[in-house]
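> using only what follows, build the 3D model:
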Amino acid sequence: MEKKKILIVDDDSRNIFALENTLRVKSYDCLSCISAEEALKILNSNEQIDAVLLDMMMPEMDGYEAIPLIKEIPSRESTMVVAVTAQAMAGDKEKCLEAGADEYISKPVDVDKLLLILSKI
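Here you go, the predicted model:
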């Protein structure tokens, strides 16, 4: 069985490092970048990505702006986008889902919950 490939998008390299290490141990392949702009370039050029873990609060282009742009890419309508946020305030989950995210998880990331979400891809 082919490994699932996850794109991790976060402006904090510590978060990327932690998520990559966790997911690689669970047999996922990972790519990462530190901006939504870079993520869009990667998603346009790499058809092998099965899911995107997208930090919602990044400078320049946040996740709320990026999700609709990701879903507009012809080959990405069905790519799972998981909104990842440290805000975790009332209404955040609904706001992320309204923006087009398929799933939502707050930081610090509950690994078991994340793996359950990723088991759907």
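
> what's in contact with the lengthiest helix in the chain?
Identified as the longest helix of the chain according to DSSP state H is helix 13-25. The contact list for helix 13-25 (C-beta atoms under 8 Å, 6 or more residues apart in numbering) reads 6, 8, 10, 30, 32, 34, 53, 55, 107, 109, 111, 114, 118. C-beta: built from backbone N, CA, C; applies to glycine.

> mind running it again at 10 Å?
For helix 13-25, the external contacting residues (C-beta atoms under 10 Å, 6 or more residues apart in numbering) are 3-6, 8-10, 12, 28-34, 51, 53, 55, 84, 86, 107-109, 111, 114-115, 118.

> just the buried ones from those residues?
Buried members of those, counted by 16 or more other C-beta atoms under 10 Å: 4-6, 8-10, 28-34, 51, 53, 55, 84, 107, 109, 114, 118.

> among the residues you listed, which ones are in strands?
5-6, 8-9, 29-33, 51, 53, 55, 84 (DSSP state E).

> report the two of those residues separated the most.
Asp29 and Asp55 (19.4 Å; C-beta to C-beta).

> buried ones in the helix or strand where Glu94 lies?
Under the criterion of DSSP states H and E, Glu94 resides in helix 92-99. Buried residues in helix 92-99, counted by 16+ other C-beta under 10 Å: 92-93, 95-96, 99.

> which of the residues you listed lies closest to Ile70?
For those, the nearest to Ile70 is Ala99 (10.2 Å; C-beta to C-beta).

> quick one, what contacts that closest one?
Counting by C-beta under 10 Å, 6+ apart, Ala99 has contacts 54, 56, 62-68, 71, 81, 83.
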